[in-house]
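> this one's structure only:
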Ligand SMILES: NC(=O)N[C@@H](CC(=O)O)C(=O)O
Ligand SMILES: [Zn+2]
């Protein structure tokens, strides 16, 4: 195994030093002859990023993304682990499907692909899927989600929370009261009124989060809230956390940066679920991320084929790709707060997903060399045709963002060097 020495690298913004990688780990002895030298002057090393919410589309929509192409996009974005959402076709609601995704991830070998299992059979919200069989499968599923759909039935949600408590699993909820979002096309507010589009009200998210934190408190189980998008949701979470409820939450890069005003273009690239909200929601989400009311930035990378996006707004699928722009967007929002970025994009998601070997301390000799090197001084104008992902539905085309991922290492092996995916 090749040894590496990263010359003049800054660990989370600290003074420059040399970082030696040997036998897959951070070493505190000299690299020895034959080590590859990486000129890392001006670069910042972060623990490899971990995404709790990635749609890899395999099995079923390999024309939009595969485990392999999504893994490549993840590595290019500085990720070393991704949690693959269950809304594939067939749905990841059996041990067989989660094992298939897990095995495809291992074969691609670029990031650790941790499958998420469905909560209910076929995401239909009627009966619990075989959570135990998925947990004890080779994929060792710990996170369950019907993402794309809400587990709307409170009795099923309660039973799911009870079931996973035995193995310290977590239910990740897509919080959307379906009766309040029938026919919804965008955020319900001033802009939707102006455009005459059916609105998706903030309360449809907030009502489910309020219910679910109470259920999680009652059961004493772990709840994770996917893609929090409103200021009101932040307040519900703040109160629940203050009471000691075992709840964690994520926000997407796009909800930290973009607003519902973009819908005035009628360009479906801005159509996403939950929808882009208002500027005051964006402000509340940023503050919650800084405060820790929101634990994690998760991409909700949602690749879609051209025919599903380049059509009329009403017919377009919701979702945007995000793996390759997540860190640049977060840098543009938070600035170079490296400790905070490492916590919200690597350590906290690794803890929530139970991914040992991710979110480690790069200053500690013996830690896995699972890391990413970022050039914070570089700026990049996003060109959809440059994306590594198989899909092109980025809302940032033509936008200039700070930060470039120069290299990514998974257990001492480079997956990205000089900004290019190695394999
Ligand atoms: N976020 C989206 O707009 N779409 C996701 C599903 C989801 O995360 O709800 C998808 O699978 O395309
Ligand atoms: Zn969702």
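That came through, no problem. Note that the structure is predicted; figures quoted are calculated from it, not measured. Numbering: from 1, shown residues only. Ligands and ions are numbered 1, 2, ... in the order given.

> C-alpha only now, for contacts and for neighbours.
Will do.

> which residues touch the residue nearest the centre of the chain?
Central residue of the chain (CA atoms, centre = their mean): residue 298, 2.7 Å from the mean position. Contact analysis of residue 298 by CA atoms under 8 Å, 6 or more residues apart in numbering lists 51, 52, 53, 54, 227, 250, 251, 252, 253, 345.

> burial measure for the fifth one, as a count.
Using other CA atoms under 10 Å, the number of residues around residue 227 comes to 28.

> Please apply the same query to the third one.
Burial of residue 53, expressed as a neighbour count using other CA under 10 Å, amounts to 27.

> correct me, but it touches residue 297?
No: at 9.3 Å, residue 53 does not count as touching residue 297 under the criterion of CA atoms under 8 Å.

> Can you narrow the contacts of residue 298 down to the ones near ligand 2?
Of the residues in the contacts of residue 298, proximity to ligand 2 by CA under 5 Å from the ion holds for none.

> Relative to residue 143, how far out is the residue of the stretch 251-400 of the chain found nearest ligand 2?
Going by CA to the ion, ligand 2 is nearest to residue 273 of the stretch 251-400 of the chain, at 6.2 Å. Noted for residue 273: a distance of 20 Å to residue 143, by CA to CA, to the nearest Å.

> Give me the subset of the contacts of residue 298 lying in helices.
Mapping these onto helices (DSSP state H) picks out residue 253.

> and the contacts of residue 298 as a markdown table, adding distance to residue 373?
Output for the contacts of residue 298, formatted as a markdown table (distance: CA to CA, whole Å):
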| residue | distance to residue 373 |
| --- | --- |
| 51 | 17 |
| 52 | 21 |
| 53 | 22 |
| 54 | 22 |
| 227 | 26 |
| 250 | 24 |
| 251 | 23 |
| 252 | 22 |
| 253 | 20 |
| 345 | 14 |
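
> Can you lay out the contacts of residue 298 as JSON lines showing distance to residue 365 and pLDDT?
Formatted as JSON lines, the contacts of residue 298 follow (distance: CA to CA, whole Å; pLDDT from 0 to 100):
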{"residue": "51", "distance to residue 365": "25", "pLDDT": "99"}
{"residue": "52", "distance to residue 365": "27", "pLDDT": "99"}
{"residue": "53", "distance to residue 365": "30", "pLDDT": "99"}
{"residue": "54", "distance to residue 365": "31", "pLDDT": "99"}
{"residue": "227", "distance to residue 365": "35", "pLDDT": "98"}
{"residue": "250", "distance to residue 365": "31", "pLDDT": "99"}
{"residue": "251", "distance to residue 365": "32", "pLDDT": "99"}
{"residue": "252", "distance to residue 365": "32", "pLDDT": "99"}
{"residue": "253", "distance to residue 365": "32", "pLDDT": "99"}
{"residue": "345", "distance to residue 365": "22", "pLDDT": "99"}
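
> Pretty sure residue 5 sits against residue 36.
Yes: applying CA under 8 Å as the test, residue 5 and residue 36 come out as touching, 6.2 Å apart.

> Just want to know which of the two has more residues nearby.
Neighbour count, other CA under 10 Å: between residue 5 and residue 36, residue 5 has more, with 22 against 15.

> before we move on, which element is the more buried one in?
Assigned by DSSP states H and E, residue 5 belongs to strand 4-11.

> can you check residue 416 too?
For residue 416, the host element (DSSP H and E) is strand 413-417.

> what sits against residue 184?
Counting by CA under 8 Å, 6+ apart, the residues that residue 184 touches are 197, 198, 199, 200.

> right, and the residue of the stretch 251-400 of the chain closest to ligand 2 touches residue 316 too?
No: assessed by CA under 8 Å, residue 273 is found out of contact with residue 316, at 11.6 Å.

> Just the closest residue of the stretch 301-423 of the chain to ligand 1, please.
residue 319 (3.3 Å; CA to the nearest ligand atom).

> show me what contacts that residue?
Neighbour list for residue 319: 269, 270, 271, 272, 273, 300, 301, 302, 303, 304 [criterion: CA under 8 Å, 6+ apart].
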